[in-house]
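> What follows is a predicted structure for the sequence shown.
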Amino acid sequence: MTAHPPVAAPRPRGRSRRAVTSFAAVSVLVSGAALTGCAEQRDSDVYTVMNSSTDETYHRWDAEAMARCGKRLGVTIEQQSVPAAQVMTKALRMASSKSLPDIVQFDASEMPTFADAGGLVDLRTLGLTTEDVPEGIVGFGSYKGTYYGAARSVNTLALFYNKDVLDEAGVQVPTTWDELRETAKKLTQGKRYGLALSAGGAEDGVFQFTPFMWSNGGDETDLDSPQVVGALDYWKALLQDGSLSKSTVNWTQADVNDQFMAGNAAMMINGPWQVETLNTKKSLNWEIAQIPVPETGAESVGPLGGAVLTVPNTGDAERERTAGRIVGCLAGEKEQLTYALNSWMVPANEKAAAKWRAEVPELDALADQVAAARSRTAKLGAGWSGVSLALQSAFQSALTGQSSEAALKRAQQRATSGN
């Protein structure tokens, strides 16, 4: 069953191939920028939000939400959008010139790096509450126990499958690794692979590896553990079976979606940001399920993705308090639901999420996956960037011939030493 557009039709929007910013570089720049104090005179009733909504549709949705919140709060809210990969570098330049915007929407994986350098304000001190936000999503916007980022919506990964192909082959939707491997082999015919996923040398590949690593009991703090090795061995087994394309090591998540839509893959691992693109092909009868787990009864633990609204530490307490009220409005239940229905993401607020499930029941499995999802930076904070780079290198080595054990041993060494 093809999902129906619930509110508006967003343009295709995949996750960016975001470069990982050096933690050391950010610490030096932000700490040296002496964030307190404002170098420029600002209009007392005009507040700026910097985000990555460069897509025309997303930019419009955000502008409409900011207009509603501005009217409610009696201020003017202006939007400044830059490409996602440039948000951190732009924020750094503005910090050094003491011209930071009132609110910055960071990718949640980047937020801890800026927070660690003292660049953000604790949102709870500005009056924001997390009462209706699940613990995992609170952690998604937190660093070292401090709540710096409010999410409007979150996303994660799921198993997308071509229902017509599975029905024709007479197979059920797989729920375990053994079933997934068997099903993928059976569905691999001619130019069609049984499964498509991203193992490319960028954050996309790491994002897609985490549900296999975490569901197998692996941990980003111990990359060469048997559990992490087992997860990478599973990827290797799918590749050796011929169920994955050898191009997997080069594909982004957008490439994976292209292969699925073209009929070159019967199943794929991907996220809700692909839904609108999928719906442009009316003949494609797709559905979703939770990502299979190592054994029956195990929990499918995926990664939380998305962005968080933060208030930079500018030293102007009055403006920071108003900025906090703006974040509270944009991340409130009503605005979350509107944004989530537009973007196909899952609301961060539990009450909004319940209404969202009723609106798009065909994506219910995604909401279940989100409920057990984890933040990539929950354990390592700003240290995640080093682990990500190490894992990216390990994928390339292991999937092109090296043993998983050797590749991950080297990855652990790199993550520990920073080299």
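Ah, there it is.

> how much space between the residue lying closest to A371 once chain neighbours are set aside and E276?
Of all residues not flanking A371 in the chain, P134 sits nearest, at 7.0 Å (CB to CB, 6 or more residues apart in numbering). No exception for glycine: its C-beta is placed from N, CA and C like everyone else's. Separation of P134 from E276 (CB to CB, to the nearest Å): 26 Å.

> Check the chain for its longest helix and report it.
For the chain, the longest helix by residue count, based on DSSP state H, is helix 56-73.

> Which neighbouring elements make contact with the helix or strand following that one?
The helix or strand immediately downstream of helix 56-73 is strand 76-81, counting by DSSP states H and E. With contacts taken as 3 or more CB pairs under 8 Å, 6 or more residues apart in numbering; DSSP states H and E, strand 76-81 sits against strand 46-51, helix 56-73.

> Make JSON lines out of the ones you listed and add mean pLDDT, mean neighbour count and distance to K98.
Output for the helices and strands packed on strand 76-81, formatted as JSON lines (pLDDT from 0 to 100; neighbours: other CB atoms under 10 Å; distance: least, CB to CB, whole Å):
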{"stretch": "strand 46-51", "mean pLDDT": "96", "mean neighbour count": "20", "distance to K98": "14"}
{"stretch": "helix 56-73", "mean pLDDT": "95", "mean neighbour count": "16", "distance to K98": "24"}
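
> Give the full set of residues in contact with the most centrally placed residue in the chain.
Among the residues of the chain, G305 comes closest to the average C-alpha position under CA atoms, centre = their mean, at 1.9 Å. By CB atoms under 8 Å, 6 or more residues apart in numbering, the residues touching G305 are R15, A108, V154, N155, T156, F207, G271.

> What is the burial count for the closest residue to V133 other than its chain neighbours?
Nearest non-adjacent residue to V133, counting by CB to CB, 6+ apart: A348, 5.7 Å away. Neighbour count for A348, taken as other CB atoms under 10 Å: 30.

> Okay, strands next: where are they in the chain?
Using DSSP state E, the strands of the chain run over 46-51, 76-81, 103-107, 142-143, 146-147, 153-154, 158-162, 193-196, 265-270, 286-289, 307-310, 346-347.

> Any idea which of those strands gets closest to G170?
The closest of the strands of the chain to G170 is strand 265-270. By CB to CB, the value is 12.9 Å.

> tell me the angle that closest one makes with strand 158-162.
Put simply, strand 265-270 runs at 160 degrees to strand 158-162, going by axes from the mean of the first three to the mean of the last three CA atoms, to 10 degrees.

> Walk me through which strands strand 265-270 pairs with, and which way each runs.
strand 158-162 (antiparallel), strand 193-196 (parallel) (DSSP bridges).

> Adding mean neighbour count, distance to S142 and mean pLDDT as columns, could you present those in a markdown table?
A markdown table is the format used below for those (neighbours: other CB atoms under 10 Å; distance: least, CB to CB, whole Å; pLDDT from 0 to 100):
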| stretch | mean neighbour count | distance to S142 | mean pLDDT |
| --- | --- | --- | --- |
| strand 158-162 | 24 | 25 | 97 |
| strand 193-196 | 27 | 33 | 98 |
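
> can you tell me which of the ones you listed comes nearest to E295?
Nearest of those to E295, taken as CB to CB: strand 158-162 at 16.4 Å.

> ok, residues contacting that closest one?
Counting by CB under 8 Å, 6+ apart, residues outside strand 158-162 touching it are 173-174, 180, 260, 263, 266-272, 274, 278, 284-292, 302, 365-366, 369.

> hmm, 6 Å instead?
Residues outside strand 158-162 that contact it (CB atoms under 6 Å, 6 or more residues apart in numbering) are A266, M267, M268, N270, W286, I288, A289, I291, A365, L366, Q369.

> which one among these gets closest to D224?
I291 (23.1 Å).

> can you give me phi and psi for the closest one?
phi -70, psi 130 (degrees, to the nearest 10).

> ok, back up a step: residues near the residue nearest to A371, how many?
Number of residues near P134 (other CB under 10 Å) recorded here: 19.

> Could you do L304 as well?
Neighbours of L304 (other CB under 10 Å): 28.

> what's near enough to touch it?
Shown in contact with L304 (CB under 6 Å, 6+ apart): F140, V154, T156, A373, S375.

> can you rerun that using 10 Å?
By CB atoms under 10 Å, 6 or more residues apart in numbering, L304 lies in contact with 108-109, 134, 136-137, 139-141, 151, 154-156, 207, 210, 346, 348, 369-370, 373-378.

> next one: P112
By CB under 10 Å, 6+ apart, P112 lies in contact with 23, 106, 120, 141-144, 148-149, 375-378, 380-385.

> Now which of the residues you listed would you call buried?
Buried by 16 or more other CB atoms under 10 Å: 23, 106, 120, 141-143, 148-149, 375-378, 380-385, out of the contacts of P112.

> got a pLDDT number for the closest residue to V275 other than its chain neighbours?
Nearest residue to V275 in three dimensions, chain neighbours excluded: W344, at 4.4 Å (CB to CB, 6+ apart). As predicted, W344 sits at a pLDDT of 86.

> pretty sure W344 is in contact with G271, am I right?
Yes: with contact defined as CB atoms under 10 Å, W344 reaches G271; the gap is 9.0 Å.

> quick revisit: ok, now how distant is the residue nearest to the centre of the chain from A84?
From G305 across to A84, the span is 12 Å (CB to CB).

> same question, L284
The gap separating L284 from A84 is 27 Å, by CB to CB.

> R72 too?
28 Å.

> Surely G242 touches K186?
No: applying CB under 10 Å, one finds G242 not in contact with K186, separated by 11.6 Å.
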